[in-house]
Structures are given as structure tokens and as C-alpha cells.
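*Asks:* whatever this is, show me its structure:
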Amino acid sequence: MSVSIEKNYRDNEALRASFNKLAENTFGLNFENWYQNGFWKDNYIPYSVVIDGEVVSNVSVNACNMNYKGKEVKLIQLGTVMTKEDQRGKGYSRMLMEEVMKDYEGKVDGMYLWGNDSVIDFYPKFGFKEAKEYQYSKEVEQTGQDKTTKVPMNNKQDFDKMVEILATRSQNSRMYMVGNTGLYMFYLSQFMTENVFYIADCDSYAIAELEDDTLILHTIIGDAGVDEVIKSFGAQVKRVVLCFTPNETQGFEENEVHEEDSTFFVQGRFFEENKDARFMFQAITHA
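*Replies:* Below you'll find the model as predicted:
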């Protein structure tokens, strides 16, 4: 039996197929379209235990550099943590975490992840601490027509324009990801194609859902102001929930984020220095 740790093998067709099979069985996810569309970049690095050519356990590293209050912070996010059912309990996740820590600890400004309740005692063994995120919402009264245009996100032209704005424009957010268009496009080219709205007046995109009179605003791609974007959805909107932290929080209600079966873990100097800061990572950048 051949057991090895393989990293960053996205162009290895056999290993990528095995990785996709495990991800599909574990999460119902498949990364193949993302790869074929050219969005799987160097930012997403699987660390996998491979037995006789089969991926049986994985922890993925996402290079998620963030613009925080105008300064770039070098962070990594861990995700796609999975082990084949008949290979659990053999210490493979620990082995992979040790490898990740060896490669990154002390070399980035911080690391973070979301873990489910079954592993709440696992990550602290690697220096991670539980942390809080804060979400902002408000009631609104507005008039006017809906000025947004739904973008189907089903062709190269849509993809290219989105990537260009992501790559070249700042965002009106206290914390947003930079240098990783691939992770944004993981969502926008697959699971959120129905949630992309273009606002011509400010040449920006809103990634959003409308539930009755509530606008759930996942993020703004482009430099449009938050209130400007909210207003562009028209009189139907009575309440707004943000899935990112706006630059200006005045007028918004602040609530601690509570997500079922999910705990936010952090480690590193960025989180130590900002332990009292009240922000949330854009939901659309969760890996």
C-alpha cells in the first residue's frame, strides 16, 4: 500500500478526478467546471492523503489576501476538509494539518476557518481560537423603480467583465478579498448565477437575494456605495441584511453571527491585533 501527501495537483487529471469524487460524496461539490473555466488558480491548494492513487483525506489552503481598512493583509483560509468514510479515525486530518502548519505558520498574517461542531476540539490543538463575526442590517424606506439588471453569468463575456472589475476596482467594504478572483468565481460561475445584478448607474455588481421585502446583499463588486446599491433595488425593499462589513456602519443594527453547526476559528497576529474589531468576512469568500 502506497500512502503519500500530495499538494497542488490541480493539473493531474487522475488525482483531480479522485478529489472531485471525494468532494461530491462528502459535500455534493464538484470542482471540475471551475477548473475547466480557468478559475482554479494557484490560490487554491489541496493537501491530500493519497492511498494507491486515491484521494482519501483533504485539507485545502486558500490564499485569501484581504484589503482591511485600505491595507493588504496576507491570510489563508482552510476549507474542503474531508475524509472518506472508511478512512476516518486514522489521523489523516491531523497529518494534513501538521503539514499545512509547517508550510504556513509564521509566514502569513493569519489563518482562519469555519469548523462544524464535531471538530470543535480539533483545531485548538493547532493554535486556533474561537472568534466572533458581526453582521449588519437595517430597515429602509425608499421609493423609485428597480434599476438593476439581472446578469445570467453563463458566458465568457459575463465572466470576463466580472473578473476585470474584481481585479481592477476597490470595493466599498471594510474587509474584502484581493488577488483571488478564482474564489469569487467559484460561486459566481456556478451556485450564484441567479444572484448577480448589474447597476449601470454606478457600473457595479450586487450579489444579492430578494426574499419578499428583504434584500440579502452578499457583496458589492465595484466601488458603488452601499446605500446607492440598496436604493437601486427600488421600493420593494424594506429591510437589508449585509453579508459583508460596510465601511460606514452608522445607521445599521449590529448582531453577532450565529450559524448552526459552524464555529469560526482564527490564529495569527492579524487576529490578535484586531481581536476587538467587529467585522465579518464576505460570505461569498467562504471556501
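
*Asks:* show me the contacts for the most far-flung residue of the chain relative to its centre.
*Replies:* Largest separation from the mean C-alpha position in the chain: residue 1, at 36.1 Å (C-alpha atoms, centre = their mean). The contact partners of residue 1, by C-beta atoms under 8 Å, 6 or more residues apart in numbering, come to 51, 52. In short, each C-beta sits where N, CA and C put it, glycine included.

*Asks:* from residue 59, how far out is the closest residue to residue 20 other than its chain neighbours?
*Replies:* Closest residue to residue 20 apart from its sequence neighbours, by C-beta to C-beta, 6 or more residues apart in numbering: residue 30 at 5.0 Å. Distance of residue 30 to residue 59, given as C-beta to C-beta, to the nearest Å: 18 Å.

*Asks:* and residue 127, by the same measure?
*Replies:* Taking C-beta to C-beta as the measure, residue 127 and residue 59 are separated by 15 Å.

*Asks:* neighbour-wise, which of the two wins?
*Replies:* residue 59 (24 against 13; other C-beta atoms under 10 Å).

*Asks:* quick one: that one and residue 97 touch, right?
*Replies:* Yes: the pair residue 59 / residue 97 is scored as a contact, 6.1 Å apart, by C-beta atoms under 8 Å.

*Asks:* that older thread, please identify which helix or strand holds the residue nearest to residue 20.
*Replies:* Taking DSSP states H and E as the definition, residue 30 sits outside all helices and strands.

*Asks:* what is the burial count for it?
*Replies:* The tally of other residues near residue 30 (other C-beta under 10 Å) stands at 15.

*Asks:* what sits up against stretch 214-228?
*Replies:* Counting by C-beta under 8 Å, 6+ apart, stretch 214-228 makes contact with 162, 165-166, 169-173, 176, 184, 192, 195, 199, 201-210, 229-230, 233, 237-244, 246-248, 282-284, all of which sit outside it.

*Asks:* just the C-alphas of it, formatted as CSV.
*Replies:* Only the C-alpha atoms of stretch 214-228 are listed here, as CSV (Å, rounded to 0.1, in the frame of the first residue of the first chain):
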residue,chain,number,x,y,z
THR,A,214,-35.8,41.7,2.4
LEU,A,215,-32.6,42.3,0.4
ILE,A,216,-29.8,40.0,1.4
LEU,A,217,-26.7,41.7,0.0
HIS,A,218,-23.8,39.2,-0.3
THR,A,219,-21.3,41.7,-1.6
ILE,A,220,-20.9,44.7,-3.9
ILE,A,221,-18.3,44.1,-6.7
GLY,A,222,-17.2,47.6,-7.8
ASP,A,223,-16.9,50.8,-5.8
ALA,A,224,-20.6,51.8,-5.6
GLY,A,225,-21.8,53.0,-2.2
VAL,A,226,-23.9,50.6,-0.1
ASP,A,227,-26.9,52.9,0.1
GLU,A,228,-26.6,53.7,-3.6
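
*Asks:* how far is the lengthiest helix in the chain from where the chain is centred?
*Replies:* Ranked by residue count, the top helix of the chain under DSSP state H comes out as helix 13-27. Remark: helix 13-27 is offset 20 Å from the chain centroid, using C-alpha atoms, centre = their mean, to the nearest Å.

*Asks:* buried stuff in it?
*Replies:* 15, 16, 18, 19, 20, 22, 23 (16 or more other C-beta atoms under 10 Å).

*Asks:* and for stretch 27-41?
*Replies:* Under the neighbour-count criterion of 16+ other C-beta under 10 Å, stretch 27-41 has 29, 31, 34, 35, 39, 40 buried.

*Asks:* again, but for stretch 113-131
*Replies:* For stretch 113-131, the neighbour count (16+ other C-beta under 10 Å) marks 113, 114, 115, 123, 126, 128 as buried.
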